[in-house]
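[1] can't give you the sequence, but here's the structure:
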């Protein structure tokens with residue numbers, strides 16, 4: 001039987017061709033069979049929601065279910081299932097057997113609490129959908145917390161592949177009452193996937209049968225569709241189906257060589273050929289090509305000249321990543337670059353954690369928060385989380401995208417379901433949240449988190465020569481620190497310089513040092529800084545200890561600066577004394593140096609003198625290796 005028969009004419013066919021051109025990749029990656037594409041286009045463009053003609057929601061007592069249905073149930077007491085209600089059933093071969101499912105709530109992570117509190121009707125609808133008793137007419141804090149805890153059993157996600165970094169942050173959504181009741185099954189009867197309609201800029205979920213269904217048959221889906229590893233499937237299903245991980249060890253080691261080989265292949269980097277070292281003549285004026293306005297406007301040293309002709313440049317200072325080092329090394333071996341081949345081993349968070357394990361031969365070094373790769377180490381992380389839980393230890397974690405900065409798509413939580421579901425969005429690492437940070441007393445606010453940014457210059461890999469700029473930058477939270485309300489950005493994050501209508505607290509480094517030492521008189525900043533530099537030296541020693549692609553490539557014409565973001569935490573020394581322990585959070589490639597140029601107009605002069613003229617003695621820098 002065909003519902004909503006489609007009558008096509010030339011114009012409709014033309015619109016369908018455009019639809020396929022725009023969406024074919026997304027349709028294929030979602031697994032939506034080609035047979036349904038034309039009907040899907042018709043239903044989207046005509047806003048046809050006809051799932052109610054074929055399916056219905058049936059209530060049942062959990063005690064009447066079999067064991068799998070008990071495990072899959074997401075409510076207590078009375079539960080629901082979706083069944084086929086049409087007498088003629090549903091045929092998988094019928095081209096119109098595809099259905100749109102609406103979304104009841106769509107949001108980005110940092111807006112969830114605010115929307116639950118302020119959008120009329122949203123909280124009671126979500127509470128009812130999740131089986132939470134809600135009697136109040138106005139939003140109450142306890143119900144908001146319950147919804148935010150349970151929503152990770154209902155959330156789905158998608159992200160855009162175009163637009164700004166902010167626009168690419170994953171979107172989370174909860175399907176309507178119909179879609180949210182379709183449970184998991186190891187042998188699903190239907191497929192379900194999100195679909196973003198580019199022309200209408202709207203997102204839907206799409207449901208289609210995987211087999212013929214008769215009246216009364218249950219509609220189920222596979223929550224881990226496409227996952228082939230049995231252990232990872234078990235881990236990803238933990239939000240709904242409890243399981244023990246007795247066979248799993250929480251220990252982590254450095255990944256195999258194939259891990260790094262895959263990275264360079266995915267990055268499409270061509271390694272350089274070996275070249276002879278080049279010494280810049282003392283009086284040579286070096287021509288610099290850059291598209292970065294900060295360099296163009298602030299590099300004023302007499303031995304450097306900005307050029308608009310890339311072909312005549314002695315130095316290429318690029319914002320975008322260089323891919324073909326081989327061509328440069330063969331055709332222009334003495335053109336100096338602001339990048340090293342394979343430097344992603346320190347600038348991308350999963351790689352940073354991997355190479356850092358070389359320091360101790362397995363365990364995370366003391367200067368890096370304990371880190372797990374959610375793509376490759378999910379079982380080890382869950383086991384570690386469970387062991388901490390059994391010991392009654394703090395279990396707050398922070399999930400970070402591999403290759404985003406500024407706090408984008410970063411989540412802090414002690415909810416295991418929340419963390420597991422993050423694996424379904426962009427690739428992430430999960431790091432132990434610093435629960436006992438060294439705080440700074442802001443007179444106008446109180447004790448707040450802060451972080452420190454150092455500019456580190458990598459002059460060469462063989463021999464290893466690294467310098468740290470003596471001027472550093474500080475960022476502060478705007479609200480007093482406490483271990484609660486982890487979605488309160490201004491309490492738990494320090495990156496305020498990219499948010500609108502948010503105060504950015506500015507403290508100059510040479511004002512900060514006496515203030516810090518007054519607040520912590522037993523700690524000299526020079527001693528703290530020495531520990532920071534020691535950590536950085538160990539990191540770069542590890543990252544350059546192996547040949548490319550397993551380490552940073554020792555290309556003779558490469559130089560680089562990295563912005564290193566650090567925090568301080570309280571730890572115990574060898575004799576049980578309380579000490580300040582540096583924690584490296586991330587290294588940024590081609591950092592935004594607007595504040596550096598504003599407060600220190602000679603910043604780029606100092607960078608270029610140290611890196612390209614080898615004149616560190618003329619600059620406020622400290623050699624750390």
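    Everything's here; your move. Source: prediction; values computed, not measured. Residues are numbered from 1 along each chain as shown.
[2] Give me the pLDDT for the nearest residue to residue 187 once chain neighbours are set aside.
    Once its chain neighbours are removed from consideration, residue 187 has its nearest residue in residue 220; the separation is 7.8 Å (Cβ to Cβ, 6 or more residues apart in numbering). The C-beta positions use only the backbone N, C-alpha and C, and glycine is treated the same way. At residue 220, the model reports a pLDDT of 96.
[3] Would you check that residue 220 makes contact with residue 190?
    Yes. With contacts defined as Cβ atoms under 8 Å, residue 220 counts as touching residue 190 at a distance of 6.7 Å.
[4] quick one: which of those two has more around it?
    With other Cβ atoms under 10 Å as the criterion, residue 220 and residue 190 differ in neighbour count, and residue 190 comes out ahead with 25 against 22.
[5] thought the more buried one was touching residue 207?
    Yes. With contacts defined as Cβ under 8 Å, residue 190 counts as touching residue 207 at a distance of 5.7 Å.
[6] Next, show the common contact partners of the two.
    182, 219 (Cβ atoms under 8 Å, 6 or more residues apart in numbering).
[7] returning to that earlier point: what sits in contact with each of residue 220 and residue 190?
    Joint contacts of residue 220 and residue 190 (Cβ under 8 Å, 6+ apart) are residue 182.
[8] what are the ranges of the strands in the stretch 401-550 of the chain?
    Using DSSP state E, counting those that start in this stretch, the strands assigned to the stretch 401-550 of the chain run over residues 411-413, 428-432, 440-442, 446-448, 450-460, 465-469, 473-476.
[9] highest average neighbour count across the ones you listed?
    Comparing these on average neighbours per residue, with mean count of other Cβ atoms under 10 Å, the densest one is strand 428-432 at a mean of 24.
[10] what does that strand rub up against?
    Counting by Cβ under 8 Å, 6+ apart, residues outside strand 428-432 touching it are 349-350, 353, 369-375, 381, 396-402, 409, 419, 422.
[11] Can you select the buried ones from those residues in PyMOL?
    Here is the PyMOL command that selects the buried residues among the contacts of strand 428-432 (16 or more other Cβ atoms under 10 Å):
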select buried, resi 349+350+353+369+371+372+373+374+381+396+397+398+399+400+401+402+409+419+422
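[12] The contacts of strand 428-432 in strands, which ones?
    When those are checked against strands using DSSP state E, the ones located there are 371-373, 397-401.
[13] Sort those residues by pLDDT and name the bottom one.
    Across the ones in strands among the contacts of strand 428-432, the bottom pLDDT score, 89, is held by residue 401.
[14] which helix is the longest one in the protein?
    Taking DSSP state H as the assignment, the helix of the chain that covers the most residues is helix 10-30.
[15] so how far is residue 459 from residue 537?
    Applying Cβ to Cβ, to the nearest Å, one obtains 13 Å for the distance of residue 537 from residue 459.
[16] Kindly report the same for residue 376.
    Where residue 459 is concerned, residue 376 sits at a distance of 33 Å (Cβ to Cβ).
[17] Is the nearest residue to residue 155 once chain neighbours are set aside bridged to anything, and to what?
    For residue 155, ignoring the flanking residues on the chain, the nearest one in space by Cβ to Cβ, 6+ apart is residue 172 at 5.0 Å. Residue 172 has these beta-bridge partners by DSSP bridges: residue 107, residue 157.
[18] dump the residue contacts of residue 172.
    Under the criterion of Cβ under 8 Å, 6+ apart, the contact list for residue 172 reads 106-109, 112, 155-157, 425.
[19] mind listing what the spatially most central residue of the chain touches?
    Relative to the mean C-alpha position of the chain, the nearest C-alpha, by Cα atoms, centre = their mean, is the one of residue 401, at 1.4 Å. Listed by Cβ under 8 Å, 6+ apart, the contact partners of residue 401 are 349, 408-410, 426-428.
[20] For those, could you give me a markdown table that also reports pLDDT and distance to residue 622?
    As requested, the contacts of residue 401 are arranged in a markdown table below (pLDDT from 0 to 100; distance: Cβ to Cβ, whole Å):
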| residue | pLDDT | distance to residue 622 |
| --- | --- | --- |
| 349 | 94 | 26 |
| 408 | 81 | 31 |
| 409 | 84 | 34 |
| 410 | 90 | 30 |
| 426 | 86 | 36 |
| 427 | 90 | 35 |
| 428 | 94 | 34 |
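[21] of all those residues, which comes closest to residue 585?
    The closest of these to residue 585 turns out to be residue 349 (Cβ to Cβ; 9.0 Å).
[22] Please verify my assumption that the closest one contacts residue 398.
    No. When contacts are counted by Cβ under 8 Å, residue 349 is not listed as touching residue 398 (10.9 Å).
[23] and of the strands of the stretch 401-550 of the chain, who's closest to residue 278?
    Ranking the strands of the stretch 401-550 of the chain by distance to residue 278, with Cβ to Cβ as the measure, places strand 450-460 first at 11.9 Å.
[24] just how off-centre is the closest one within its chain?
    Its chain's C-alpha centre lies 22 Å from the corresponding centre of strand 450-460 when counted by Cα atoms, centre = their mean, to the nearest Å.
[25] Which elements pack onto that strand?
    In this structure, strand 450-460 packs against strand 465-469, strand 473-476, helix 525-543, strand 560-572, helix 603-612, with contacts taken as 3 or more Cβ pairs under 8 Å, 6 or more residues apart in numbering; DSSP states H and E.
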